[in-house]
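Asks: sequence and predicted structure below; questions after.
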Amino acid sequence: MAETAPPLPSQQSRSHPSHMKTVKTLSESPDLISIPSTYIIRPDPQEQVISSELVSLPVIDYSLLVSGTPDQRSNAIHDLGKACQDWGFFMVINHGVPEGLMRSIVDVCKGFFDLTEEEKQQYEGKNVLDPIRCGTSFNAPAEKVFFWKDFLKILVNPVFHSPTKPEMFREISLEYSKRVREVARELLEGISKSLGLEENYIDKALDLEEGLQVIAANLYPPCPQPELAIGMPPHSDHGLLTLLIQNGIGGLQIQHQGKWVNVNAIPISFLVNTGDHLEILTNGMYKSVLHRAVVNNKATRISIAMAHGPSLESVVSPSPHLLQNHSNRPAYTGMKYKDYLQFQQSNKLEGKTCLDRLRI
Ligand SMILES: O=C(O)CCC(=O)C(=O)O
Ligand SMILES: [Fe+2]
């Protein structure tokens with residue numbers, strides 16, 4: 001990973017203090033007993049949410065995948081393929097990323113959100129490909145209803161970026177990014193094999209050495225009316241795999257067979273979901289999973305989602321090898337990853353509407 005000099009503060013944003021209030025600031029106002037109407041969603045009264053104790057979420061033992069006996073490895077690859085096909089979601093245990101590093105990345109991201117509004121203002125970017133960007137909701141100008149979250153997004157590969165504050169952010173995020181990227185690439189090797197392809201097929205086809213890796217830190221402050229607000233609405237992620245951790249507070253739900261399932265995370269595991277570009281590449285065999293984040297009225301939740309995608313210049317279309325092996329026609333048109341990102345981020349975050357535009 002190449003490193004860059006820290007970005008210079010933007011003079012322009014400093015002279016424009018009229019930015020939108022963060023949810024953190026809003027939730028800290030002592031007289032907040034109900035949420036502003038701009039945050040109210042209309043929940044579906046028919047909707048069922050299933051506790052994850054009632055279903056068994058797939059678990060992948062990473063140590064068996066990378067250093068098990070040949071039998072253990074092939075079982076792990078089989079389980080990985082099944083998790084991608086049936087769920088688009090799995091938890092990864094025994095991944096080797098130190099627990100202390102996972103705690104540290106959560107701590108420094110919290111430290112970033114705790115900076116003063118003035119300190120954060122220089123990073124109030126607008127474009128999805130701005131190297132460092134913080135803000136509130138998702139894409140506030142395109143939204144009628146705002147989401148109960150603040151965010152920080154940083155591009156960390158192929159070029160590494162970091163804010164200059166808080167202290168140690170750069171060192172910790174650099175180390176965390178490298179370690180998680182290694183895990184993601186190994187998982188993608190297993191996924192390639194589960195599809196009957198060479199293990200480095202996805203790595204080569206989508207140029208993962210130059211692959212886009214983004215840290216998305218989400219802050220969900222306590223919400224006085226959690227049932228009326230949403231931290232993040234139902235959506236699928238762009239890219240291939242997202243590896244998420246949280247500060248011990250739950251809130252992630254995934255959709256499975258038309259119902260929402262609460263994810264009760266195994267401590268120190270990665271919560272992994274498949275993205276739109278894996279769906280395109282596999283011609284729909286491994287579909288990206290719909291997920292959302294709900295909020296609570298007790299504690300601040302922090303989640304750190306690390307998204308891994310193709311290189312920005314890769315044009316992603318259904319793999320010719322898979323089409324041939326399964327005698328299928330392509331079900332999606334190809335699109336450059338960079339263009340897909342611009343397209344998704346300039347629209348409202350809503351289900352899989354972006355991917356739907358590529359279906360043939
Ligand atoms: O906070 C969560 O659990 C979900 C976050 C998420 O889906 C995202 O950042 O794309
Ligand atoms: Fe997501």
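Replies: Looks like it came in fine. Ligands and ions are numbered 1, 2, ... in the order given.
Asks: tell me where the longest helix sits in this protein.
Replies: helix 169-194 (DSSP state H).
Asks: list the buried ones in it?
Replies: 169-170, 172-174, 176-177, 179-181, 183-194 (16 or more other Cβ atoms under 10 Å). For every residue, glycine as well, the C-beta is placed using N, CA and C.
Asks: how about the strands in the stretch 251-360 of the chain?
Replies: Using DSSP state E, counting those that start in this stretch, the strands of the stretch 251-360 of the chain run over 252-256, 259-262, 270-274, 291-293, 301-308, 315-316, 335-336.
Asks: who are the packing partners of the longest one?
Replies: The reference is to strand 301-308. helix 99-113, helix 169-194, strand 213-220, strand 241-246 (3 or more Cβ pairs under 8 Å, 6 or more residues apart in numbering; DSSP states H and E).
Asks: how far off centre is the last one?
Replies: Relative to its parent chain, strand 241-246 has a centroid offset of 6 Å by Cα atoms, centre = their mean, to the nearest Å.
Asks: show me what contacts the residue nearest to Tyr337 when sequence neighbours are not counted?
Replies: Spatial nearest neighbour of Tyr337, chain neighbours left out: Pro310 (4.7 Å); criterion: Cβ to Cβ, 6 or more residues apart in numbering. By Cβ atoms under 8 Å, 6 or more residues apart in numbering, the contact set of Pro310 is 206-208, 211-212, 239-240, 277, 316, 337.
Asks: how about Ser194, nearest residue that isn't a chain neighbour?
Replies: According to Cβ to Cβ, 6+ apart, the nearest residue to Ser194 is Gly81 (2.9 Å).
Asks: just the pLDDT for the one you found.
Replies: Note for Gly81: predicted pLDDT of 98.
Asks: do you know how far it is from Leu54?
Replies: 24 Å (Cβ to Cβ, to the nearest Å).
Asks: tell me the pLDDT of the nearest residue to Val49 once chain neighbours are set aside.
Replies: Spatially, and ignoring its direct neighbours in sequence, Val49 is nearest to Trp260 (4.6 Å; Cβ to Cβ, 6+ apart). pLDDT recorded at Trp260 is 94.
Asks: specify the beta-bridge partners of Trp260.
Replies: Applying DSSP bridges to Trp260 gives these bridge partners: Val49, Gln255.
Asks: you'd agree Asn328 is up against Asn283?
Replies: Yes: using Cβ atoms under 8 Å, Asn328 is in contact with Asn283, at 5.8 Å.
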